[in-house]
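In: next come a sequence and a model predicted from it.
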Amino acid sequence: MNRFTLSIGKAALIAAGLAAIAGCNKPDQSQQASDSDKYIAQPLVTDIYTADPSAHIFDGKLYIYPSHDIDTGIPDDDLGSQYAMRDYHVLMMGKPGDKVTVGPVALDLDDIPWAEKSLWAPDAAYKNGTYFLYFPAKDKDGVFRMGVATSDTPMGPFKAEPEPIKGSFSIDPAVFTDEDGTSYMYFGGIWGGQLQRWATGKYDPTIGDVDLKQDDKPALMPKVAKMAPDMKEFAEAPRDAVILDANGKPVLGGDHEKRFFEASWMYKHGGRYYFTYSTGDTHFLNYAIGDNPYGPFTYTGHILLPVQGWTSHHSIVDWDGKTWLFFHDTQLSGKNHLRNVKMTELHFNPDGTIRTINPFTR
Ligand code: FUB
């Protein structure tokens, strides 16, 4: 089943309601699932649809930088055209369990000179008094690039740089700052995220909408690049963050339960580097461990089993003495492109492996 056949099935169910959907960008309380106890966690926000949560702790408070899902009525396709998001809002929580504040618009598509559409999964970072919002968007040629915007507060508003980051491509930026103060961006996503079109190092639109269809060859790998001191450019050309299997060989393109699809995140635990990611069409969140920020990373296991909805995306942070997984599902809407973010505690075993989380109680 491809990325969107599931969506098309669901779209058939909602086709009768399409007229009502136009302009309906807020969760309808009457649609919300009544059997909320079947999920291990509840939506953090019910006023708007939110997805792809990148969580950070700034001055002891939790800030989540999510996508802001909207319903435009655009039909589903293999490129994810229905994910036609146009702005970002930042979420803030004072301490675990507190009510979440939904910030005003932090960045709008109309205020990004180079971007045409598709504000997908963002991330944020802080350095020397400035907050940085990193985001993917399609440029006027339909090619995903990565932009950066700055603010002097974590909630924004953010001001976008006039051009995308030089040498950036594909989607899902995740910026990790190591203990020595060096920051790295991890990024990439296959299928609608276009990573396969960069397989030769140059954008090739003829490569198609899915993957390279080379199941016996190494999979397309996520990318990593050190950030320049000003945090607005790459300090080097992006390189592969290679994911190895248990035999020390690159994970193969045909190994859909292990291979990288999208949704990079980096988390450091016990001095080791946990590269975490989504497997897309098999719907897992996985982790792979390395001993430096560039990898290679050895596939170790699943963090989260498939959630309700096609996409899975996450972040991991330490906060208030615990480790938290932020993720999303479609509890509020039942629709793949109208998601809601959640959080739940993550537990490590003594050997550093992660206890796999089931997002359902039944
Ligand atoms: O939200 C749009 C896309 O869906 C993200 O960029 C992917 O990670 C997936 O969650």
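Out: Noted; the coordinates are in hand. Numbers count the residues shown, from 1 in each chain.

In: could you pull out the strands for the stretch 201-350 of the chain?
Out: Secondary structure of the stretch 201-350 of the chain (DSSP state E, counting those that start in this stretch): strands located at 223-226, 239-240, 243-244, 262-269, 272-278, 285-290, 297-304, 314-319, 322-329, 340-346.

In: can you list the ones you listed in CSV and add distance to Ser81, mean pLDDT and mean neighbour count?
Out: Backbone N, C-alpha and C define where each C-beta goes, glycine included. Shown next, in CSV, are those (distance: least, CB to CB, whole Å; pLDDT from 0 to 100; neighbours: other CB atoms under 10 Å):
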stretch, distance to Ser81, mean pLDDT, mean neighbour count
strand 223-226, 23, 98, 22
strand 239-240, 28, 98, 15
strand 243-244, 28, 98, 22
strand 262-269, 16, 98, 23
strand 272-278, 19, 99, 24
strand 285-290, 24, 98, 24
strand 297-304, 26, 98, 21
strand 314-319, 23, 98, 21
strand 322-329, 19, 98, 22
strand 340-346, 21, 98, 21
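
In: how about these in TSV, adding distance to Ser151?
Out: As requested, the strands of the stretch 201-350 of the chain are exported to TSV (distance: least, CB to CB, whole Å):
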stretch	distance to Ser151
strand 223-226	23
strand 239-240	30
strand 243-244	34
strand 262-269	22
strand 272-278	26
strand 285-290	29
strand 297-304	30
strand 314-319	19
strand 322-329	21
strand 340-346	21
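
In: so which of those strands is nearest Met146?
Out: strand 223-226 (10.0 Å; CB to CB).

In: that closest one: partners in the sheet, and parallel or antiparallel?
Out: strand 183-187 (antiparallel), strand 239-240 (antiparallel) (DSSP bridges).

In: which one of these is the most hemmed in?
Out: Comparing the strands paired with strand 223-226 by mean neighbour count (mean count of other CB atoms under 10 Å), strand 183-187 ranks first with a mean of 24.

In: let me know the angle separating that strand from strand 272-278.
Out: 30 degrees (axes from the mean of the first three to the mean of the last three CA atoms, to 10 degrees).

In: wondering if strand 183-187 reaches the ligand at all.
Out: No: using CB under 6 Å from any ligand atom, strand 183-187 never reaches the ligand; the gap is at least 10.2 Å.

In: quick one: contacts of that strand?
Out: 125, 127, 134, 136, 146, 168, 170-178, 222-227, 231, 234, 238, 241, 264-266, 275, 293-294 (CB atoms under 8 Å, 6 or more residues apart in numbering).

In: so which of these reach the ligand?
Out: When CB under 6 Å from any ligand atom is applied, the members of the contacts of strand 183-187 adjacent to the ligand are Ile171, Asp172.

In: what about burial for the contacts of strand 183-187, which qualify?
Out: Neighbour-count burial (16 or more other CB atoms under 10 Å) applied to the contacts of strand 183-187 gives 125, 134, 136, 146, 168, 170-177, 222-227, 231, 234, 238, 241, 264-266, 275, 293-294.
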